[in-house]
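Trainee: Sharing a model prediction with you, sequence too.
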Amino acid sequence: WVADLAREHGSFEVTPVDLAEVALPFLDEPEFPSSGNYTHQHTRDWSALIEPAEAFVFVLPMYNGGFTAPFKNAVDFLYAEWQGKPVGIVSYSAGGSGGAPAAEMLLPVLTQVGMVPAARSAAVPGVLGLLGADGFTAPEGLAAEVSGVLDDIAALVKEPATA
């Protein structure tokens, strides 16, 4: 659903990536990711997928008040590939927070690897009630909220942050 909104936004070429399909093992490189010396093919493939992207929208669930280990692992595998790239977050949860605590926990991680977070994020509470036989049914106002995140990302791509 978020990928469709990003396509409709018109500012992005959208390539959805599902971490379950990427299937990275837990970080297994002998050197720090900041070295860029990748010995495993799965790391080189992950790098080749991430490096050319200009910006990202991360759509992530909240579990036990935070983001998932596979998500953190995927970020940790790389370093240079994330540098200076805008990122927006759309979180979701079964509960009322919509995963906002997970998004807040993630921000320091993303800035540590050099990403530039969008000013806004979007949270989807009660996601289980929004899933049905026809897929995801967005609650009123969510499309506008996600569109705001996309606007922020587009602005950051056009005018990168300066140090």
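Mentor: Here it is on my side, so go on. Because the structure is predicted, anything quoted here is derived from the model rather than measured.

Trainee: List the strands paired with the lowest-mean-pLDDT helix or strand in the chain, with their directions.
Mentor: Between all helices and strands in the chain, the lowest mean by mean pLDDT, DSSP states H and E belongs to strand 135-136, at a mean of 93. Its sheet considered, strand 135-136 pairs with strand 131-132 (antiparallel) by DSSP bridges.

Trainee: Not counting sequence-adjacent ones, nearest residue to residue 114?
Mentor: residue 83 (3.9 Å; C-beta to C-beta, 6 or more residues apart in numbering). Every residue, glycine included, has its C-beta placed from N, CA and C.

Trainee: which stretches of this protein form strands?
Mentor: Along the chain, counting by DSSP state E, strands occupy 56-61, 86-92, 116-117, 122-124, 131-132, 135-136.

Trainee: Near the residue nearest to residue 114, how many other residues are there?
Mentor: Neighbour count for residue 83, taken as other C-beta atoms under 10 Å: 12.

Trainee: who wins for proximity to residue 17 among the strands of the chain?
Mentor: strand 56-61 (9.0 Å; C-beta to C-beta).

Trainee: ok, and what's touching that closest one?
Mentor: With contact meaning C-beta atoms under 8 Å, 6 or more residues apart in numbering, strand 56-61 is reached by 2, 6, 67-68, 71, 85-93, 99, 102-103, 106, 115, 127, 149-150, 153.

Trainee: how near is residue 71 to residue 20?
Mentor: Using C-beta to C-beta, to the nearest Å, residue 71 is found at 11 Å from residue 20.

Trainee: ok, these two, which is more surrounded?
Mentor: Counted by other C-beta under 10 Å, residue 71 and residue 20 do not tie: residue 71 has more neighbours, with 18 against 6.

Trainee: isn't that one right up against residue 19?
Mentor: Yes: the pair formed by residue 71 and residue 19 meets the contact definition of C-beta atoms under 8 Å, at 6.7 Å.

Trainee: longest helix in the chain, by residue count?
Mentor: The single longest helix within the chain, with elements called by DSSP state H, is helix 142-158.

Trainee: Next one: residue 146 from residue 44, what distance?
Mentor: 32 Å.

Trainee: the more surrounded of those two?
Mentor: With neighbours defined as other C-beta under 10 Å, residue 146 and residue 44 compare such that residue 146 has more, 24 against 11.
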